[in-house]
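[1] My questions concern the predicted model and sequence given below.
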Amino acid sequence: MDFELSDDQKMLVGQAQTFVRKESPITRARALRDDERGWDPAVWKKMGELGWMSLPFPESVGGLGGTFADVTLILDQLGTTLVPEPLVESVVLAGTAILRAGSAAQQERLLTPMIAGETSLALAALERRSRYDVCAIDTHAKHHGDTWTLTGEKYFVLNGHAADHLVVSARTSGKHDERNGVSLFAVARDAAGLHVQTVKTMDGRRAAIVRFENTPGELLGAEGAAAPVLEEAMDLGAAAACAEGAGIMRTVLWMTVEYLRTREQFGVKIGTFQALQHRAVDMFVETELAKSTSILAAIKATAPASERAYEISKAKAQLTQSGHFVVRQGTQLHGGIGVTDEHDIGLYFKRMQVLGALFGDEDFHLHRFSSMPQFLAI
């Protein structure tokens, strides 16, 4: 398998590196923790002008016809400075759902302005009792002639506080956790009966608890057939978290090594202490492990469902193990200053904790991975 980047991909990575350095250094992520939205529409528009949101979509809706792997190259770089704009929320989660389930007219109406950076989207899929099961749904939709109304509640909807449209999962038939009977609906931000409560997450970003009270929604795709679409969106979200996490780990490793090279104690650089060198080497090994599994997960994102899930679960489990190790070691090796809010390493630590929980934690992915036929056949 060829892991070498193409010339276009190398140019994409270089473009992203320049962007994070000039447009979104870590100081910006720190400042936006106190912003009500948590991200900047002007920067989102610039990302649209660069064509990043268009990468995985077909030309019919204004896309470039690229691959999900192209998107992960961007996410890896955005992780290095914790860029908060809703690329994963709009493109990977809601965008995938609309692309897979929506009609051509719905795709054009919902995706084209988002691709241009004029609007943002959110996927409202998980509920109080869902855990990571996208089919464990109590929100229900009723059909009234040519219209649908939704009633229920969704928890920790990423970008739900700011999205122009929500893609909402609701049960149109079947029992609480059945795969059959799950449908997707597009709900406008200003829809009647829509109540949004903004919540602040551990990493300083924003999410939402969203309630629907006979809220009108537009059915996306066939009624009751959305389970595979939601499962794919969540898998791609997990792979996206792995890509962002790889960028975070690489940055924390670099910050820590630089600190060991410059910090003096008892008149010598602490980086000369062999015990600390060994810990830095362990951080490097874990960073490379997470990077390798992340790359394979991105490549396998378009594979058949079982193969996709197998590789993405491996990568997500590796991220939770390696990512937590690297940010913990980095924080400890910075000493007392590492646990203060003034030092940037704490921002990376908190974001890694969130990424570890999003789209399936370690227990979830280890269980799914170990229960697959590919694993049992080893």
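    Nice, I can see it.

[2] Run through the residues that contact Gly217.
    Contacts for Gly217 (C-beta atoms under 8 Å, 6 or more residues apart in numbering) come out as 141, 148-150, 168, 170, 185-187, 191. All C-beta atoms are positioned from the backbone trio N, CA, C, and that covers glycine.

[3] Just the buried ones from the residues you listed?
    141, 148-150, 168, 170, 185-187, 191 (16 or more other C-beta atoms under 10 Å).

[4] May I see those residues arranged in TSV, with distance to Gly66, pLDDT and secondary structure as well?
    Below are the buried ones among the contacts of Gly217 laid out as TSV (distance: C-beta to C-beta, whole Å; pLDDT from 0 to 100; DSSP: H, G, I helix; E, B strand; the rest coil):
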residue	distance to Gly66	pLDDT	secondary structure
Ala141	33	93	strand
Trp148	33	93	strand
Thr149	37	95	strand
Leu150	33	96	strand
Val168	27	97	strand
Ala170	31	95	strand
Phe185	28	96	strand
Ala186	24	96	strand
Val187	28	96	strand
Ala191	32	95	coil
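
[5] before we move on, back to that, from the contacts of Gly217, pick the one nearest Gln321.
    Closest approach between these and Gln321, by C-beta to C-beta: Val168, at 33.1 Å.

[6] my read: the closest one touches Glu218, true?
    No. Taking contacts as C-beta atoms under 8 Å, Val168 lies outside contact range of Glu218: 10.0 Å.

[7] overlap in contacts of those two?
    185-187.

[8] tell me which residues of stretch 9-17 are tucked away?
    For stretch 9-17, by 16+ other C-beta under 10 Å, it's 12-13, 16.

[9] likewise stretch 65-79?
    66-79.

[10] and what of stretch 358-372?
    358-360, 362, 364-366, 368-369.

[11] got the residue ranges for the strands in the stretch 51-200 of the chain?
    121-124, 140-144, 147-158, 165-171, 182-188, 194-200 (DSSP state E, counting those that start in this stretch).

[12] ditto for the stretch 251-378 of the chain
    Counting by DSSP E, counting those that start in this stretch, the strands of the stretch 251-378 of the chain are 264-265, 268-269.

[13] Show me where the stretch 151-300 of the chain dips below the pLDDT cut-off.
    Filtered on pLDDT under 70, the stretch 151-300 of the chain yields no residues whatsoever.

[14] How about residues contacting stretch 288-301?
    Identification of contacts with stretch 288-301 by C-beta under 8 Å, 6+ apart yields 1, 3, 68-69, 72, 76, 235-236, 238-239, 242-243, 245-246, 249-250, 307-308, 310-312, 314-316, 318-319, 322-323, 326.

[15] Quick one: buried ones out of those?
    With neighbours counted by 16+ other C-beta under 10 Å, these contain buried members at 68-69, 72, 76, 235-236, 238-239, 242-243, 245-246, 249-250, 308, 310-312, 314-316, 318-319, 322-323, 326.

[16] winner for burial among the strands of the stretch 51-200 of the chain?
    strand 121-124 (a mean of 29; mean count of other C-beta atoms under 10 Å).

[17] Tabulate the CA atom coordinates of it in CSV.
    The C-alpha trace of strand 121-124 is given here as CSV (Å, rounded to 0.1, in the frame of the first residue of the first chain):
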residue,chain,number,x,y,z
LEU,A,121,-24.3,22.3,9.9
ALA,A,122,-24.7,19.9,12.8
LEU,A,123,-25.7,16.3,13.3
ALA,A,124,-28.1,15.7,16.1
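
[18] For the closest residue to Thr293 other than its chain neighbours, list the residues it contacts.
    Sequence neighbours aside, Ala315 is the residue nearest to Thr293 in space, at 4.0 Å (criterion: C-beta to C-beta, 6 or more residues apart in numbering). Contacts here follow C-beta under 8 Å, 6+ apart; on that basis Ala315 touches 238-239, 242, 290, 293-294, 296-297.

[19] Return the subset of these lying in helices.
    In helices, judged by DSSP state H, the following of the contacts of Ala315 are found: 238-239, 242, 290, 293-294, 296-297.

[20] Give me the domain ranges for this protein.
    Using automatic domain parsing, the domain parsing of the chain gives 7-119, 122-225, 228-376.

[21] Backbone dihedrals for the residue lying closest to Glu178 once chain neighbours are set aside, please?
    Closest residue to Glu178 apart from its sequence neighbours, by C-beta to C-beta, 6+ apart: Cys135 at 6.5 Å. Note on Cys135: backbone dihedrals following degrees, to the nearest 10 are phi -100, psi -10.

[22] what about Cys135, how many residues close to it?
    For Cys135, the neighbour count with other C-beta atoms under 10 Å is 21.

[23] Kindly report the same for Thr215.
    Thr215 sits with 25 neighbouring residues when counted by other C-beta under 10 Å.

[24] so it, which of the three states?
    strand (DSSP: H, G, I helix; E, B strand; the rest coil).

[25] That one touches Ala191, doesn't it?
    Yes. Counting by C-beta under 8 Å, Ala191 is a contact partner of Thr215 at 5.2 Å.

[26] residue farthest from the centroid of the protein?
    Largest separation from the mean C-alpha position in the chain: Gly267, at 44.1 Å (C-alpha atoms, centre = their mean).

[27] need the contact list for that one.
    Neighbours of Gly267 in contact, by C-beta under 8 Å, 6+ apart: none.

[28] between the buried residues of stretch 9-17, which is closest to Thr119?
    Once C-beta to C-beta is applied, the member of the buried residues of stretch 9-17 that ends up nearest Thr119 is Ala16, at 22.0 Å.

[29] Fine by me, thanks again.
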